[in-house]
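[1] Quick check, what structure comes out for this input:
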Amino acid sequence: SPRARVLRTARPELLPGTDGDLVQSTLAVPMVAHDKVVGLAQFARTKGSEPFGERDRALAVELATRAAVFIDNARLYRREHERALLLQRSLLPPGEPEAAGLDIACRYLPGNEATEVGGDWFDVIELPGHRTALVVGDVMGRGLRAAAAMGELRTAVRTLALLDLEPAEVLSHLDEIAQGLGSPQQTTRPARQDQDTDLAEVYLATCVYAVYDSVTRRCTFANAGHLPPVL
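    Take a look at the predicted model:
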């Protein structure tokens, strides 16, 4: 069919109306984004109207191209959002964390359903000697990059916690790791124009690291730029 041909060739075509039809002619235009046809736009003129001209064709192509880019970007955003959400959920503690000598309650909610996935995280890590590490952190930025960076920093905190370091030492080493994530070696690959700002912000992070001793009932914490905990 003519419409199938437009989709196949990615070239606009003027389709005449049929006898008895109110439509005099139809301009079928492929919707192309990033060299890929994502749909078909149709523009119609009723009988008695002026026929489509070259200026009409150029305007129709421009409108269809803009719409195609919007649609393609929306699909890309949705796929990235879903991947980031799955990654983020897989990195957070499942259910209610438990620790000896502590009653732990947590709730993790985005600002609203339209909010992009971010790099916020929390963790509860059991340590030797009836102690528990409590972690709250935030990687600035949104989307898959922020969720991936959050996963790397969360893993780093867990590894550092097992070394039985003081909270300030843990955050000092974590700062070195965070700087490594934002080093030129990590950001030399080309980025899409709409992702340029992510490179500048995604590797800025804040964190609170606390260690609670259930025997002495003493809590020691260090804070790296995060909101202070309420005691």
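[2] Can you show me the strands along this protein?
    Residue ranges of the strands in the chain, as given by DSSP state E, are 13-16, 23-33, 36-46, 119-127, 131-139, 205-213, 218-224.
[3] Distance to E54 and mean neighbour count for those - can I get that in TSV?
    For the C-beta atoms, the positions are set from N, CA and C on the backbone; glycine is no exception. Written out in TSV, the entries for the strands of the chain read as follows (distance: least, CB to CB, whole Å; neighbours: other CB atoms under 10 Å):
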stretch	distance to E54	mean neighbour count
strand 13-16	11	14
strand 23-33	11	20
strand 36-46	14	15
strand 119-127	50	19
strand 131-139	51	22
strand 205-213	55	21
strand 218-224	62	16
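[4] Which of those sits closest to T65?
    Proximity to T65, assessed across those by CB to CB, is greatest for strand 23-33 (6.1 Å).
[5] V32 touches L40, doesn't it?
    No: in this structure, V32 is not within contact of L40 by CB atoms under 8 Å, at 10.4 Å.
[6] Using the record's assignment, carve this protein into domains.
    Under the assignment automatic domain parsing, the domains of the chain span 2-87, 95-224.
[7] Using a markdown table, lay out the ones you listed together with mean pLDDT.
    Supplementary listing: these in a markdown table, determined by pLDDT from 0 to 100:
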| stretch | mean pLDDT |
| --- | --- |
| domain 2-87 | 84 |
| domain 95-224 | 77 |
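[8] Quick check: the gap between the residue minimising distance to the centre of the chain and A156.
    Among the residues of the chain, G143 comes closest to the average C-alpha position under CA atoms, centre = their mean, at 1.4 Å. Noted for G143: a distance of 21 Å to A156, by CB to CB, to the nearest Å.
[9] Could you give me the buried positions within the lengthiest helix in the chain?
    Using DSSP state H, we find that the single longest helix of the chain is helix 54-91. The neighbour-count check on helix 54-91 (16 or more other CB atoms under 10 Å) flags 57, 60-61, 64-65, 67-68, 72, 80-81, 84, 87-88, 91 as buried.
[10] re earlier: need the domains of the chain in CSV (columns: distance to V230).
    CSV is the format used below for those (distance: least, CB to CB, whole Å):
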stretch, distance to V230
domain 2-87, 28
domain 95-224, 11
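[11] ok, now which ones touch V23?
    V23 is in contact with G17, A44, R45, T46, K47, counting by CB atoms under 8 Å, 6 or more residues apart in numbering.
[12] Quick check: the gap between the closest residue in space to L144 that isn't next to it in sequence and C106.
    For L144, ignoring the flanking residues on the chain, the nearest one in space by CB to CB, 6 or more residues apart in numbering is A84 at 4.3 Å. In this structure, A84 and C106 are 20 Å apart, going by CB to CB.
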